[in-house]
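**Q** Attaching a predicted model along with its sequence, questions to come.
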Amino acid sequence: MSKNKLANKVILVLGGTGGIGSAVADLLEATGATVCRHGRGGDYSADVSKEGQIGELVNRILTKFGRIDIVVNSLSAPIKIGPIFKKDWSDFLNQLNVQLKAAVDTAYVLVPRMKLLKSGHFINILSSVVVGDPPASYADYITAKYAMWGFSKCLFKELSQHGINVTCI
């Protein structure tokens, strides 16, 4: 990444205090970007599974910086490893609420503003589990990652004509 391209950007990293999110945030900060690390505590805390908290988080950042140029979604609920028939619907909902709901809620709040500016970028971190043969015992996690992939593809289709990029990694 070029320092010049990201130096003046405001970037929200959902899950920015976790393993992958923290590493991504570190790299982005090294470019000179302003990085807002979402987590369970601190200035950018929010419970993404609860209604309205993403909107409150985004509004706090918009009030402070005036914009969010890039959103990196690196969220995942803790993975409960086990056979599919030992999981219940709440395990699936937990993964979907953390991963997919956060992405949908963030897009709903930011897309109108990004359309006006004709710019913005959503980066959704998926997993190698969406390519090839998925491993056993991760059905809830894998289901959420596939849902994120589908949502990202639809978001790209609808937003690319407005100068908004959507990328899956």
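**A** Good, I have the coordinates.
**Q** From now on I want contacts and neighbour counts done on CA atoms only, so please keep to that.
**A** Fine.
**Q** ok, longest helix in the protein?
**A** Using DSSP state H, we find that the single longest helix of the chain is helix 89-117.
**Q** Go through that helix and flag the buried ones.
**A** Buried residues in helix 89-117, counted by 16 or more other CA atoms under 10 Å: 91-107, 110-111, 114-115.
**Q** Which elements pack onto that helix?
**A** Packing partners of helix 89-117 (3 or more CA pairs under 8 Å, 6 or more residues apart in numbering; DSSP states H and E): helix 53-65, helix 139-159.
**Q** try 10 Å this time
**A** strand 10-14, helix 53-65, strand 70-73, strand 120-124, helix 139-159, strand 164-168 (3 or more CA pairs under 10 Å, 6 or more residues apart in numbering; DSSP states H and E).
**Q** what residues are up against the spatially most central residue of the chain?
**A** Central residue of the chain (CA atoms, centre = their mean): residue 73, 1.6 Å from the mean position. Applying CA atoms under 10 Å, 6 or more residues apart in numbering to residue 73 gives the contacts 12-16, 21, 38, 99-100, 102-103, 106, 122-126, 148, 168.
**Q** Swap in 7 Å and give it another go.
**A** Going by CA atoms under 7 Å, 6 or more residues apart in numbering, residue 73 touches 13, 14, 15, 103, 123, 124, 125.
**Q** so which of those would you say is closest to residue 64?
**A** Relative to residue 64, the closest of the contacts of residue 73 is residue 13; by CA to CA it sits at 15.8 Å.
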